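Colleague: everything below, folded, please.
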Amino acid sequence: GNLSWSEGIRAGMVVSAVTSALAVPTLWVFLRYVNPRFFTSMILHAASHGRTVAEARAYFNFRSYAAESVVGPLILGLFTSVIVVAVLRWRARRP
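Modeller: Predicted structure coming up:
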(Lines give C-alpha, C1' and ligand atoms only; values in the text may rest on other atoms or scores of the structure.)
Protein backbone atom coordinates (compact mmCIF):
# COMPACT_ATOMS: atom_id res chain seq x y z
CA GLY A 1 0.00 0.00 0.00
CA ASN A 2 0.91 3.64 0.05
CA LEU A 3 2.58 5.22 3.00
CA SER A 4 0.99 8.49 4.03
CA TRP A 5 3.06 11.38 5.28
CA SER A 6 1.49 11.23 8.73
CA GLU A 7 2.03 7.47 9.09
CA GLY A 8 5.67 7.71 8.09
CA ILE A 9 6.45 10.69 10.27
CA ARG A 10 4.58 9.16 13.21
CA ALA A 11 6.59 5.93 12.89
CA GLY A 12 9.85 7.88 12.69
CA MET A 13 8.97 9.94 15.73
CA VAL A 14 8.19 6.80 17.75
CA VAL A 15 11.69 5.52 16.99
CA SER A 16 13.11 8.96 17.85
CA ALA A 17 11.19 9.05 21.14
CA VAL A 18 12.59 5.65 22.13
CA THR A 19 16.08 6.85 21.24
CA SER A 20 15.59 10.01 23.30
CA ALA A 21 14.28 8.02 26.25
CA LEU A 22 17.35 5.77 26.21
CA ALA A 23 19.84 8.59 25.69
CA VAL A 24 19.98 9.99 29.23
CA PRO A 25 20.43 6.63 30.99
CA THR A 26 23.10 5.71 28.44
CA LEU A 27 24.84 9.03 29.03
CA TRP A 28 24.72 8.46 32.78
CA VAL A 29 26.26 4.97 32.45
CA PHE A 30 28.99 6.37 30.20
CA LEU A 31 29.81 9.20 32.59
CA ARG A 32 29.58 7.03 35.69
CA TYR A 33 31.45 3.89 34.60
CA VAL A 34 33.18 4.33 31.24
CA ASN A 35 34.69 7.82 31.52
CA PRO A 36 33.94 9.47 34.87
CA ARG A 37 36.46 12.26 34.20
CA PHE A 38 34.92 13.21 30.85
CA PHE A 39 33.64 16.64 31.86
CA THR A 40 36.79 17.50 33.80
CA SER A 41 38.94 16.57 30.82
CA MET A 42 36.76 18.49 28.37
CA ILE A 43 36.72 21.59 30.58
CA LEU A 44 40.51 21.53 30.84
CA HIS A 45 40.85 20.98 27.10
CA ALA A 46 38.46 23.84 26.26
CA ALA A 47 40.18 26.14 28.75
CA SER A 48 43.55 25.40 27.16
CA HIS A 49 42.16 26.25 23.72
CA GLY A 50 40.85 29.75 24.31
CA ARG A 51 37.63 29.28 26.30
CA THR A 52 37.26 30.49 29.84
CA VAL A 53 36.74 27.91 32.55
CA ALA A 54 33.30 29.39 33.25
CA GLU A 55 32.27 29.02 29.59
CA ALA A 56 33.55 25.47 29.51
CA ARG A 57 31.74 24.55 32.73
CA ALA A 58 28.52 26.06 31.41
CA TYR A 59 28.67 23.77 28.39
CA PHE A 60 30.37 20.62 29.68
CA ASN A 61 27.98 19.40 32.34
CA PHE A 62 25.42 16.63 32.70
CA ARG A 63 22.39 18.91 32.35
CA SER A 64 23.63 20.39 29.07
CA TYR A 65 24.54 17.02 27.58
CA ALA A 66 21.29 15.41 28.78
CA ALA A 67 19.25 18.16 27.13
CA GLU A 68 21.16 17.73 23.88
CA SER A 69 20.77 13.96 23.99
CA VAL A 70 16.99 14.28 24.36
CA VAL A 71 16.32 17.10 21.89
CA GLY A 72 18.87 16.06 19.26
CA PRO A 73 17.32 12.69 18.36
CA LEU A 74 13.85 14.24 18.19
CA ILE A 75 14.93 16.94 15.74
CA LEU A 76 17.12 14.62 13.67
CA GLY A 77 14.41 11.94 13.77
CA LEU A 78 11.85 14.33 12.35
CA PHE A 79 14.25 15.43 9.62
CA THR A 80 15.17 11.83 8.77
CA SER A 81 11.53 10.74 8.80
CA VAL A 82 10.57 13.41 6.29
CA ILE A 83 13.39 12.36 3.97
CA VAL A 84 12.62 8.64 4.26
CA VAL A 85 8.90 9.15 3.66
CA ALA A 86 9.64 11.38 0.67
CA VAL A 87 11.95 8.74 -0.85
CA LEU A 88 9.51 5.90 -0.19
CA ARG A 89 6.59 7.82 -1.67
CA TRP A 90 8.72 8.79 -4.70
CA ARG A 91 9.74 5.17 -5.25
CA ALA A 92 6.14 3.97 -4.94
CA ARG A 93 5.08 6.31 -7.77
CA ARG A 94 7.78 5.09 -10.16
CA PRO A 95 6.66 2.40 -12.62
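Colleague: name the helices or strands packed onto the longest helix belonging to the chain?
Modeller: Ordering each helix of the chain by length in residues (DSSP state H) puts helix 62-93 first. Contact analysis of helix 62-93 by 3 or more C-beta pairs under 8 Å, 6 or more residues apart in numbering; DSSP states H and E lists helix 5-29 as its packing neighbours. No exception for glycine: its C-beta is placed from N, CA and C like everyone else's.
Colleague: buried residues, the helix it packs on. List them.
Modeller: Neighbour-count burial for helix 5-29, counted by 16 or more other C-beta atoms under 10 Å, picks out Gly8, Ile9, Gly12, Ser16, Thr19, Ser20, Ala23, Leu27.
Colleague: mind checking how far the third one is from Phe79?
Modeller: When you say that, I think you mean Gly12. 9 Å (C-beta to C-beta, to the nearest Å).
Colleague: how about low-confidence regions in the protein?
Modeller: For the chain, the stretches flagged by pLDDT under 70 are 1.
Colleague: swap the cut-off to 50 and go again
Modeller: For the chain, no stretch has pLDDT under 50.
Colleague: angle of the longest helix of the chain against helix 5-29?
Modeller: 150 degrees (axes from the mean of the first three to the mean of the last three C-alpha atoms, to 10 degrees).
Colleague: chain center to helix 62-93: distance?
Modeller: 9 Å (C-alpha atoms, centre = their mean, to the nearest Å).
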